[in-house]
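**Student:** Need a 3D model of the following:
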Amino acid sequence: MGAEPGPGRPKKVVEFKPRPRPRWFAFAKAAEISRILFLEARIERRKALIADDHAERLRIQDRCVKRMERAGRLN
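**Tutor:** Residues are numbered from 1 along each chain as shown. Predicted coordinates for the structure are as follows:
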């Protein structure tokens, strides 16, 4: 299910997609840029987790709807 990567399990890699930067980005210091990139990667990982959770919820919902429809036909 949603187990953490262990010694025998590879880590899930989130691809970084370069995008246009705002004008203020040119004035950021190296430490700030590093932190921004770290935070953006974290945000992308969270988005991926939310998308996975949403898809799983929809699969469960679909299974329940099918059961409900079958139960209605049997009665």
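
**Student:** Could you check the pLDDT of the spatially most central residue of the chain?
**Tutor:** The chain has Ala48 as the residue nearest its centroid, 1.1 Å off, counting by Cα atoms, centre = their mean. pLDDT for Ala48: 94.

**Student:** Okay, it and Arg57: tell me how far apart.
**Tutor:** Per Cβ to Cβ, to the nearest Å, Ala48 is found 15 Å from Arg57. C-betas here are computed from N, CA, C, even on glycine.

**Student:** Could you do Glu44 as well?
**Tutor:** Here Glu44 is placed at a distance of 21 Å from Arg57 (Cβ to Cβ).

**Student:** Neighbour count: these two, which is higher?
**Tutor:** Between Glu44 and Arg57, counted using other Cβ atoms under 10 Å, Glu44 has the larger neighbour count: 14 against 10.

**Student:** elements contacting the strand or helix carrying Arg73?
**Tutor:** In this assignment (DSSP states H and E), Arg73 forms part of helix 30-74. Packing partners of helix 30-74 (3 or more Cβ pairs under 8 Å, 6 or more residues apart in numbering; DSSP states H and E): none among the helices and strands.
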